[in-house]
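# Kindly generate the corresponding structure for this input.
(chains A and B)
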Amino acid sequence: MLAKFVLRRTLAAIPVVVGVSLIVFLIMHGTAGSFVPGLSLNPNFTPKQIELLKSQLGLDQPLWIQYLDWTGIAWLLQRIGLRVLLVGAHDITPGVLQGNLGQSMVDGTSVASQVFDRLPNTVLLTVTAIVIGITLSIPLGVVGALRRGSRVDHGLTVMSVGGVAVPAFWLGLMLILFFSVKFHDWGLPFLPSSGIVTPFSGGDLLDRIAHLLMPAIVLSFVYLAIWSRFTRSSMLEVLSQDYVRTARAKGMGERRVTFVHGLRNAIIPLVTLIGLELPGLVSGGLVVETVFGWPGIGLLLYQRALAYDYTMVLGIVTFAAILVIVGNLLADVLYAVVDPRIRLA
Amino acid sequence: MIDQLAVEELERGQVGPSPVAGRRTKSYWAESLSRLRGNRIGVFSGYLMLVLAVIAILAPFLSAFVTHFDPTKQDLQNSFLSPGRTHWLGADETGRDTLTRLIYGARVSMGVGFLTVAMQIVVGGGVGLVAGFFGRWVDGLLMRIVDTVLSVPPIFLFILMGIVFRPNAFTLSAVIASVGWGTVARLVRAEVMSVKNRDFVMATRSLGASNMRLMVRHLLPNVLPVMIVAASLGVGAIILIEAALDFLGFGITPPTPSWGNMLTNAQTYYAHSTWLVVFPGVMIFVTVLAANLLGNAVRDAFDPRLR
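I've put the predicted structure just below:
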């Protein structure tokens, strides 16, 4: 049963992967004029040189061949001896399927190696933010639910409504202004405003934590606002269930009712919600990474986009999209393992 | 001919259980509106949004007759002037008046916010309606397209399109809406699927109503509340995204002032000119807060699932 479910979901994910690669590829092709910016108009090249350059870049091949080449399907076909199908193709290279996301147009480095260099930094930042979000939002949500309508509850509501409305980049700027700039002016110990370690001298654990603190807090802010609300309403719903009343009726202590019967059931939907954030592991922090100069994938994308490094940008977007699809698939499967009712649906 | 008459009668609500005699029943819309009016926070937020919209529309008049500054006119003598009598909210690095620029920034934020919502409601609503109504392969195809669009991290897609299209306010709205319609389509589709199995649809169909008529005259009014809720909850998030894209340099680009791109320059100078960072951020915060609170109030008043 489970195996069948996994297979069904995997098959359903294939058209999505194909669709994403098509969208990304076509946007890339839309920029083909700028793919080699203004190539055809450059007076320094003779038409023959332009032909040669286009041929070297593979731009003279039919569009569908270029797509198959980029995705790596062409390479696969060639390997299994179906080269004949690829009419008008030349110089077939491994593509996305073979883990080749292409080369940067600016410095020629491999996109995949750049992405994997930055990935750990991004994951560190996002995981820290998610952990901060979970450890604070669950207690806050529980308190809000248990003391519904109290001043504490209203305060928490205001906080979470406000929290969603604060622009993350602005919050980051304000924190830097306060904890880096002003604390420095006042002669207090201040937090570093950017980067992941202090250049040259830094790198020990304390230094790393000091750099991680502000970006992680800013990033966790939105999670906190949403998840604490969610925990609160989920907890309220569970506490009104019959089995909670039964537990109380048979004389179970309030504490045990709250935490064992209440909380344990209330956080199940929260797990799904947090699972939905997992794709954001790669992209969620782009704005925060930019503000704090955190050398993650988001900052890489931002810098390369400003430099018009199309291939790098497209490679990163493709990578992130594939990660999202695989992540969703895993989440679906995990959820089906946890909750057998889903498999049957 | 008879069929046609019967269909129209059904549409006017003359067939079916008549309201209890002697008691006037409020229509769904009247009741929702009166609920909305009863929500003080919602009403206040609504007025705040209205004021911001009026400010945005009247920006040229305000800058000519109230602040007496042009949003893009440089005045290097007065760069970094603190808030005071000449420049009420100070001046930026090239001596441009902050208040005037904030007023013009409201045009971008409000304009893009509402335009984007309109686009994604129309496209998403249409796709959701068609997918939910026809089901089968139409549904399968359209929903796979939605899955596809929604599986690329949105901010990445915005940046990608930002460098390809170099957006103005209109194209920026299209760029943001090109992702947002997917969520709307999912919502509307789910609602249509639950409504289309109700008896009145079957009755109308058996009286000979065409597919088009069923969708537009019968299903659309029934899913309208969901669309209204989605629209009003969307504005705040869109204004935030728009500001972030402007800030990063992939949205509205200078010299057109927007709250987001004002912050891009300001972050260089905040050590000595703090107000340059504070004011645009506060404007974004207040606007998004008002939009979200209004959205929540509309949801509480209109969402049939919360009744």
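# name the helices or strands packed onto the one helix or strand residue B:34 maps to?
Using DSSP states H and E, residue B:34 sits within helix B:28-38. With contacts defined as 3 or more Cβ pairs under 8 Å, 6 or more residues apart in numbering or on different chains; DSSP states H and E, helix B:28-38 has these neighbours: helix B:40-57, helix B:274-302. All C-beta atoms are positioned from the backbone trio N, CA, C, and that covers glycine.
# Poorly predicted segments of the chain, please.
With no chain named, the answer covers chain A. Along chain A, the parts satisfying pLDDT under 70 run over A:1, A:28-44, A:53-60, A:83-84, A:86-91, A:201-203, A:272, A:275-276, A:278-284, A:338-345.
# that's the wrong chain, I meant chain B
Across chain B (using pLDDT under 70), the flagged ranges come out as B:1-25, B:66, B:68, B:75-76, B:79-81, B:87-89, B:95, B:304-307.
# all helices in it, in order from the N-terminus.
Using DSSP state H, the helices found in chain B span residues B:2-11, B:28-38, B:40-57, B:59-62, B:98-134, B:136-150, B:154-165, B:169-195, B:199-206, B:211-213, B:220-248, B:259-269, B:274-302.
# Tell me which of these sits nearest to residue A:137.
helix B:274-302 (18.2 Å; Cβ to Cβ).
# So which elements touch that closest one?
Helix B:274-302 packs on helix A:151-165, helix A:168-175, helix B:28-38, helix B:40-57, helix B:98-134, helix B:220-248, helix B:259-269, going by 3+ Cβ pairs under 8 Å, 6+ apart.
# can you count the residues close to the closest residue to residue A:179 other than its chain neighbours?
Leaving out its chain neighbours, the residue that sits closest to residue A:179 by Cβ to Cβ, 6 or more residues apart in numbering or on different chains is residue A:191, at 4.5 Å. Other residues near residue A:191 come to 15 when the count uses other Cβ atoms under 10 Å in any protein chain shown.
# so residue A:191 touches residue A:215, yeah?
No. Residue A:191 sits out of contact with residue A:215 when judged by Cβ atoms under 8 Å, with a separation of 10.3 Å.
# Can you tell me how far the closest residue to residue B:86 other than its chain neighbours is from chain A?
Take residue B:86 and drop its neighbours on the chain: the residue closest to it by Cβ to Cβ, 6+ apart is residue B:78, 7.1 Å away. Distance, residue B:78 to chain A, using Cβ to the nearest Cβ, to the nearest Å: 23 Å.
# I'd say residue B:78 and residue B:90 touch.
No. Between residue B:78 and residue B:90 there is no contact under Cβ under 8 Å: 9.5 Å.
# Which positions in the stretch 51-200 of chain B make contact with chain A?
Counting by Cβ under 8 Å from any Cβ of the partner chain, the residues of the stretch 51-200 of chain B close to chain A are B:144-145, B:147-149, B:151-157, B:159-164.
# change it to 7 Å
Neighbours of chain A within the stretch 51-200 of chain B, by Cβ under 7 Å from any Cβ of the partner chain: B:144-145, B:147-148, B:151-153, B:155-157, B:159-160, B:163-164.
# By neighbour count, which of those residues wins?
residue B:159 leads these on contacts (other Cβ under 10 Å) with 28 neighbours.
# Spit out the contact partners of residue B:116.
B:173, B:176, B:177, B:180, B:238 (Cβ atoms under 7 Å, 6 or more residues apart in numbering or on different chains).
# and the gap between it and chain A?
17 Å.
# same deal with residue B:126?
Taken as Cβ to the nearest Cβ, the span from residue B:126 to chain A is 19 Å.
# Who has more neighbours out of residue B:78 and residue B:90?
residue B:90 (21 against 16).
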